[in-house]
Each structure stands twice: as structure tokens, then as C-alpha cells.
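Visitor: I'd like to go over a predicted model; first the sequence, then the structure.
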Amino acid sequence: MDTIIDSLVQFLQYTGFASLTFKHLVMMCIGIAFITMAIKKDWEPLLLVPIGFGIIIGNIPFEAGLQIGIYEEGSVLNILYQGVQLGWYPPLIFLGIGAMTDFSSLISQPRLLMIGAAAQIGIFGAYIAAMHLGFTPAEAGAIGIIGGADGPTAIFLTSKLAPHLMGPIAVSAYSYMALVPVIQRPIMLMMTTKKERLIRMKNPREVSQREKIIFPIVGFIITALIVPSGLPLLGMLFFGNLLKESGVTKRLAETARGPLIDVVTILIGVTVGCSTQADVFLTGDSIKIFLLGLLSFIVATFCGVGFAKIMNLFYKKGNKINPLIGNAGVSAVPDAARVSQNVGREFDPQNHLLPHAMVPNVAGVIGSAVAAGILLSFLG
């Protein structure tokens with residue numbers, strides 16, 4: 001009888017229940033909350049479901065040495081996580097983004113590109129704030145990029161500058177991407193008048209196929225020469241777009257924007273979620289990172305809308321910009337542009353802002369990659 005009891009006690013010691021702590025339960029609840037938001041609210045489900053379930057996986061306690069944890073070298077999860085740690089996944093995500101993005105609006109309305117550039121001020125604002133809170137310059141640079149609302153860029157830069165902060169930064173970046181409609185709408189309404197929200201912009205001109213083919217080539221050369229350190233992200237973004245627009249690589253474009261980006265999204269989501277083990281994630285620095293990320297995102301939205309209002313001071317009636325598209329300067333494609341469209345339609349159901357909002361939105365993608373390259377050049 002004693003042998004049976006001893007064996008049972010020994011068995012229980014090897015179960016997760018023996019090492020389960022309150023912190024593990026808190027993290028599991030956070031994972032369940034992510035999944036719930038994704039399913040009930042439809043907030044970035046392709047990201048939040050993998051991340052949420054990954055958080056649950058990463059917070060099941062186990063005996064050290066079993067070679068199953070994400071931080072145990074040689075384990076399956078650890079090998080998959082190297083795509084995050086070494087920055088392999090983000091360029092592949094950018095390849096898919098390029099293959100699914102239409103740059104026509106940007107080509108036809110280049111003046112709106114500056115709105116996307118203005119929104120990147122949030123990145124550098126958060127960088128300064130992080131420095132004042134005691135983070136190192138490299139850590140502050142990785143935290144600041146959250147303001148671009150671009151998860152892959154945040155992961156890429158963090159892998160180079162502050163890999164020990166990967167969990168909180170990645171989760172923060174993807175969380176704010178999912179919360180774009182919630183965070184941005186109040187800021188947009190606060191900063192605009194009813195008259196401004198009713199502005200109707202001219203339809204963009206038709207863009208030729210030749211222009212669409214030339215743009216990714218010329219765009220890459222110019223941006224890469226300006227910021228060579230952004231080469232992996234910028235190169236894959238513009239290459240993916242060339243696959244889409246060339247007309248002769250349809251299969252490659254379909255693969256890049258379909259199966260490839262889906263597989264990488266699953267891997268990046270689950271492994272980032274797994275990296276948020278309670279003892280690593282639940283720290284004072286993580287709370288600071290979430291608050292700084294929110295600050296960065298708010299400042300980026302404020303600057304995008306504000307810059308559109310400033311531009312209107314120099315345009316005559318008929319050429320004015322609806323400042324509601326300024327929020328799309330963050331690079332959450334195409335969710336931020338959809339927010340512009342939805343808020344605009346609340347006040348004028350016939351006003352189609354989406355084609356115009358896609359310009360600062362796409363410019364924000366390029367801008368966040370350029371900003372990451374600048375930070376990497378100075379801090380790497």
C-alpha cells in the first residue's frame with residue numbers, strides 16, 4: 001500500500017499541478033482573454049488566437065530538463081522560436097504583405113505619403129519616454145517601435161536590440177494592432193470637427209500597369225539606399241509587391257500572400273505566446289512596456305490626424321484632405337484604413353475614404369520599416 005501511495009505522490013510531483021502558481025493562472029487567463037476577444041469581437045483573430053493559445057501553452061509548468069520548454073535549448077518549441085529570436089519570420093511576413101498590397105493609391109496620391117511619415121513620430125516619442133523610465137537606448141528603441149502598430153517590425157527590431165524583452169514587446173505590439181478601432185476612434189473624434197469629417201476627397205487617378213511594376217523597384221532602391229539596415233524588411237516588402245504586379249509570377253504571389261504568410265503567422269503567434277512564461281513576463285518592466293506602447297500608439301494617431309489638418313491649411317477648397325484618414329498612418333494594414341472608412345461613414349454614409357486612407361496606411365508600413373532601420377543603425 002505504501003508503495004502505491006509513494007508512486008502516486010511521485011507521479012503528482014511530475015504533473016503541472018505540483019508547480020502551478022498564481023502567476024501561471026493569471027497568464028492563462030490573459031491567454032483566454034486574447035482568444036475571447038478574437039472570437040467575440042473579431043479583433044485580429046489570425047493573430048490573437050495563436051498568441052492566446054501560445055500563452056496558455058507557455059504557462060503550463062513542468063519539470064526542468066524535459067526538453068519541452070521554449071527556453072530549453074534543442075526543444076521543438078525552442079527551435080521554432082528561433083525564427084522570432086533571430087528575426088527570420090518578420091521578412092517572410094513582409095513578403096506576404098507586399099504580395100497582397102496594392103500601391104496604386106500611393107502612386108496616384110503621393111502627397112498623402114507625408115501623413116504616414118508624420119505618424120512615425122510616435123515611435124521616437126516613446127523612445128524618449130522609455131529612456132526617461134530607465135531603459136537602455138537599445139531597449140528604448142525596441143519599445144518605441146510598438147507605436148508603428150506593426151508586429152513583424154517590432155519583432156525584427158527587438159530580436160536585434162533587446163531579445164530579452166521579446167515577449168512583452170511582441171504581445172504589446174500585436175495587442176494594440178487588435179485594439180486599433182478601440183484606441184483610435186476617440187482620438188479621431190476629439191481632434192476633428194463635424195465639418196472636417198464631412199470632407200469628400202477627389203477620386204484618385206487611374207494608375208497604369210507600368211507604374212505599378214516600376215514602383216516596387218524604384219521604391220526599394222531609394223529606401224534601401226537611405227536606410228540599408230532596413231534591407232531585410234524593405235527588400236521582402238517590395239519584392240512581394242513586384243511578384244503581385246509583374247503579371248508573370250502569379251503562382252509565387254499567391255503562395256506568398258496565402259500559404260506562406262498563413263504558416264508564418266501561426267508560427268510567430270504561437271511561439272511569441274509561448275515566450276510569455278509567468279516568471280519572465282509578469283514583471284514591472286512588462287507593465288512599463290505596455291504603457292509606453294499605448295503612449296506611442298496614441299501619439300502616432302495624434303500626429304497622423306494633426307498633420308492632415310496642418311496640410312489642409314495650404315490647400316484650397318476642393319483639394320482638402322479629410323483628417324480622419326490621418327489615423328491610418330500607423331502600419332496596421334488594412335485595419336487602420338478601415339477605421340478611417342467606418343468613422344467617416346458614421347457622419348456621411350456615402351463618403352468613401354478607404355482608397356485615400358490606404359495611402360498613409362501603406363506609407364506607414366514603409367515608414368515603420370525605415371524607422372526600424374534608423375534605430376538599428378544608431379543603436380545596433
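Guide: Thanks, I have it. Numbering: from 1, shown residues only.

Visitor: low-confidence ranges in the protein?
Guide: Along the chain, the parts satisfying pLDDT under 70 run over 1-2, 6-11, 13.

Visitor: tell me where the stretch 201-350 of the chain has helices.
Guide: Counting by DSSP state H, counting those that start in this stretch, the stretch 201-350 of the chain has helices at residues 209-226, 231-245, 250-255, 261-274, 278-281, 284-312, 335-347.

Visitor: return the list of helices and strands in contact with the longest one.
Guide: Counting contacts by 3 or more C-beta pairs under 8 Å, 6 or more residues apart in numbering; DSSP states H and E, helix 284-312 is packed against helix 113-119, helix 121-132, helix 137-144, helix 166-178, helix 180-191. Every C-beta, even on glycine, is put in place using the N, C-alpha and C of the backbone.

Visitor: closest to residue 136 out of the helices of the stretch 201-350 of the chain?
Guide: helix 284-312 (11.4 Å; C-beta to C-beta).

Visitor: now the closest one against helix 137-144, angle please.
Guide: Put simply, helix 284-312 runs at 60 degrees to helix 137-144, going by axes from the mean of the first three to the mean of the last three C-alpha atoms, to 10 degrees.

Visitor: could you list the buried residues of helix 284-312?
Guide: Judged by neighbour count (16 or more other C-beta atoms under 10 Å), helix 284-312 contains these buried residues: 285-286, 288-290, 292-309, 311-312.

Visitor: next: stretch 228-238.
Guide: For stretch 228-238, a neighbour-count test (16+ other C-beta under 10 Å) marks 229, 230, 232, 233, 234, 235, 236, 237, 238 as buried.

Visitor: take those and write them to CSV, including distance to residue 160.
Guide: Formatted as CSV, the buried residues of stretch 228-238 follow (distance: C-beta to C-beta, whole Å):
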residue, distance to residue 160
229, 9
230, 11
232, 10
233, 11
234, 15
235, 16
236, 16
237, 18
238, 21
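
Visitor: which one of those residues is nearest to residue 33?
Guide: The closest of the buried residues of stretch 228-238 to residue 33 turns out to be residue 233 (C-beta to C-beta; 30.1 Å).

Visitor: residue 105 touches residue 206, doesn't it?
Guide: No - in this structure, residue 105 is not within contact of residue 206 by C-beta atoms under 8 Å, at 11.3 Å.

Visitor: higher neighbour count, those two?
Guide: The neighbour count for residue 105 versus residue 206, taken as other C-beta atoms under 10 Å, is higher for residue 105 (22 against 8).

Visitor: for residue 324, give me its contacts.
Guide: Applying C-beta atoms under 8 Å, 6 or more residues apart in numbering, we find residue 324 in contact with 188, 192, 196, 197, 305, 340, 343, 344, 353, 357.

Visitor: kindly recompute the last result at 7 Å.
Guide: Counting by C-beta atoms under 7 Å, 6 or more residues apart in numbering, residue 324 touches 188, 192, 197, 340, 343, 344, 353.

Visitor: pull the number of nearby residues for the second one.
Guide: Counted with other C-beta under 10 Å, residues neighbouring residue 192 total 21.

Visitor: pretty sure it contacts residue 325?
Guide: No - the criterion here is C-beta atoms under 7 Å, and residue 192 misses it with residue 325 at 10.6 Å.

Visitor: could I get the CA-only coordinates of stretch 331-349 as CSV?
Guide: What follows is stretch 331-349, C-alpha atoms only, in CSV (Å, rounded to 0.1, in the frame of the first residue of the first chain):
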residue,chain,number,x,y,z
SER,A,331,1.0,50.5,-40.2
ALA,A,332,-1.8,48.2,-39.1
VAL,A,333,-2.8,47.3,-42.7
PRO,A,334,-5.6,47.4,-43.6
ASP,A,335,-7.4,47.7,-40.2
ALA,A,336,-6.4,51.3,-39.6
ALA,A,337,-7.6,52.3,-43.0
ARG,A,338,-10.9,50.5,-42.3
VAL,A,339,-11.3,52.6,-39.1
SER,A,340,-11.0,55.8,-41.3
GLN,A,341,-13.7,54.4,-43.6
ASN,A,342,-16.0,53.4,-40.8
VAL,A,343,-15.7,56.6,-38.8
GLY,A,344,-16.2,58.6,-41.9
ARG,A,345,-19.4,56.7,-42.8
GLU,A,346,-20.8,57.4,-39.4
PHE,A,347,-21.2,61.1,-40.5
ASP,A,348,-21.6,60.6,-44.3
PRO,A,349,-22.6,57.1,-45.4
